[in-house]
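Enquirer: Fold the following, please.
(one chain, ligands or ions: 1)
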Amino acid sequence: MQIKRIGLLTSGGDCPGMNAAIRTVVRYAIHNKLEVVGIFRGYAGLINEELKELNHRSVSNIINRGGTILKTARCPELLTEEGQIRAVQAIKKNNIDALVIIGGNGTHRGAWELFNKWKIPLVCIASTIDNDLNGTDRTLGYDTAVNTALEAIDKIRDTATSMERIFVVEVMGRDCGLLALHVGLASGAEEILIPEKKLDFSKICHDIVQGNLKGKISWIIVVAEGAGSAKEIGTKIEEMTDLEVRTVVLGHVQRGGAPTANDRILAAKLGTAAVDLILKSEFGKSVGVKGENLNITDIKSAMEKKEMDLDSLYRLVRILT
Ligand code: F6P
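Expert: Residues are numbered from 1 along each chain as shown. Model prediction:
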């Protein structure tokens, strides 16, 4: 079947760079004589047929903007048979030949259902601040989120050193510790707690007390949300060390803001790769990168546990602390 018209949607947690990817897909698809229809509010908007034709100018002045002009949502309904039937009917009714889907883990799960069970031709662009998709070194939005958290922690360090305090800073990442590990390494955090490594509270508290005795009074402890809450961890450290602790939850701040140059460039690479796959009728794929090169993964394996070398990063943190 010749593809003439594609649907484009963003789904799940938004991330910086989604707009840059939308811009790329729209303009590169039009360049290749495809029509593009924007689907608003992710899979929910697909089910409810919230559609609008997109042209070259619809995506002007968005390359630098965080969030997504197509809006986004989480849509548990797509994991039900009824939701899938409605989505498939909407695709057929609106003459959409293939979909480009921009999002993270949950979004890939929905895409897999539509592709595997209902044979909908589609391609995903790996996009999430969590960087938890397999088959890509970096997901779209990750670099910006790391830099946003880093900027915040640098500021926290100013007050931590001035007031000689211990800070526990919680970062996002769902159940993946990569964001915390990279932010912790870049910010020179004294301790990083991630879900992939078992917490040894008594060791951490022992180190803090020993450091304190030697005159080291300020600490930055970065905790991945999947490893526990800053509040609980802070309280425990206070109880075990008898020292005062402050906690900060960076939360959704990490999801916003203008994308970094790296994320904009990644958006250009991944967006064109997604359209190229559609033009070649290679469906059911997720586009990402390995090093500087594109890497194409089956959606199913993109959802598997990410292959990553956390140990060597963690060792480095230990050596440099
Ligand atoms: O997947 C992106 C993410 O920001 C995670 O890091 C976080 O756990 C989750 O989404 C938060 O989801 P919500 O915005 O729905 O609260």
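
Enquirer: residues near the residue of the stretch 51-200 of the chain with the smallest separation from the ligand, how many?
Expert: Taking C-beta to the nearest ligand atom, the ligand has its nearest neighbour within the stretch 51-200 of the chain at M172, 3.3 Å off. (Each C-beta comes from the backbone N, C-alpha and C, glycine too.) By the measure other C-beta atoms under 10 Å, the count of residues near M172 is 23.

Enquirer: How about the one 4 residues further on?
Expert: For C176, the count of nearby residues is 25 (other C-beta under 10 Å).

Enquirer: Also the one 3 residues further on?
Expert: When neighbours are defined as other C-beta under 10 Å, L179 has 27 of them.

Enquirer: That one belongs to a helix, doesn't it?
Expert: Yes: counting by DSSP: H, G, I helix; E, B strand; the rest coil, one finds L179 located in a helix.

Enquirer: Name the residue closest to the centre of the chain, please.
Expert: Most central in the chain under C-alpha atoms, centre = their mean is T128, positioned 1.6 Å from the mean C-alpha point.

Enquirer: Contact partners for it?
Expert: Going by C-beta atoms under 8 Å, 6 or more residues apart in numbering, T128 touches G12, G13, C15, G103, G104, N105, T139, L140, G141, Y142.

Enquirer: Name the nearest residue to it, sequence neighbours excluded.
Expert: In this structure, T128 finds its nearest non-sequential neighbour in G104, 2.9 Å apart by C-beta to C-beta, 6 or more residues apart in numbering.

Enquirer: mind checking pLDDT for the one you found?
Expert: If you check G104, the pLDDT there is 98.

Enquirer: For it, give its distance to G17.
Expert: Between G104 and G17 the distance is 12 Å, computed by C-beta to C-beta, to the nearest Å.

Enquirer: related to what we said a few turns ago, could you restrict the contacts of T128 to the ones contacting the ligand?
Expert: Checking the contacts of T128 against the ligand by C-beta under 6 Å from any ligand atom, the ones in range are G13, G104.

Enquirer: JSON lines for the contacts of T128, including neighbour count and secondary structure?
Expert: Formatted as JSON lines, the contacts of T128 follow (neighbours: other C-beta atoms under 10 Å; DSSP: H, G, I helix; E, B strand; the rest coil):
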{"residue": "G12", "neighbour count": "24", "secondary structure": "coil"}
{"residue": "G13", "neighbour count": "22", "secondary structure": "coil"}
{"residue": "C15", "neighbour count": "31", "secondary structure": "coil"}
{"residue": "G103", "neighbour count": "31", "secondary structure": "strand"}
{"residue": "G104", "neighbour count": "27", "secondary structure": "coil"}
{"residue": "N105", "neighbour count": "21", "secondary structure": "helix"}
{"residue": "T139", "neighbour count": "31", "secondary structure": "coil"}
{"residue": "L140", "neighbour count": "34", "secondary structure": "strand"}
{"residue": "G141", "neighbour count": "32", "secondary structure": "coil"}
{"residue": "Y142", "neighbour count": "30", "secondary structure": "helix"}
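
Enquirer: Reformat the contacts of T128 into CSV and put distance to V209 next to each item.
Expert: CSV is the format used below for those (distance: C-beta to C-beta, whole Å):
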residue, distance to V209
G12, 42
G13, 38
C15, 39
G103, 44
G104, 40
N105, 39
T139, 39
L140, 42
G141, 39
Y142, 35
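
Enquirer: Okay, domains of the chain per the record?
Expert: As assigned by automatic domain parsing, the chain contains the domains 5-141+259-302, 146-255.

Enquirer: just those domains: most buried one?
Expert: Stretch with highest mean neighbour count among the domains of the chain: domain 5-141+259-302 (a mean of 21; mean count of other C-beta atoms under 10 Å).

Enquirer: so who does the residue nearest to T128 touch?
Expert: Residues near G104 by C-beta under 8 Å, 6+ apart: G12, G13, C15, A126, S127, T128, D130, D132, L133, T139.
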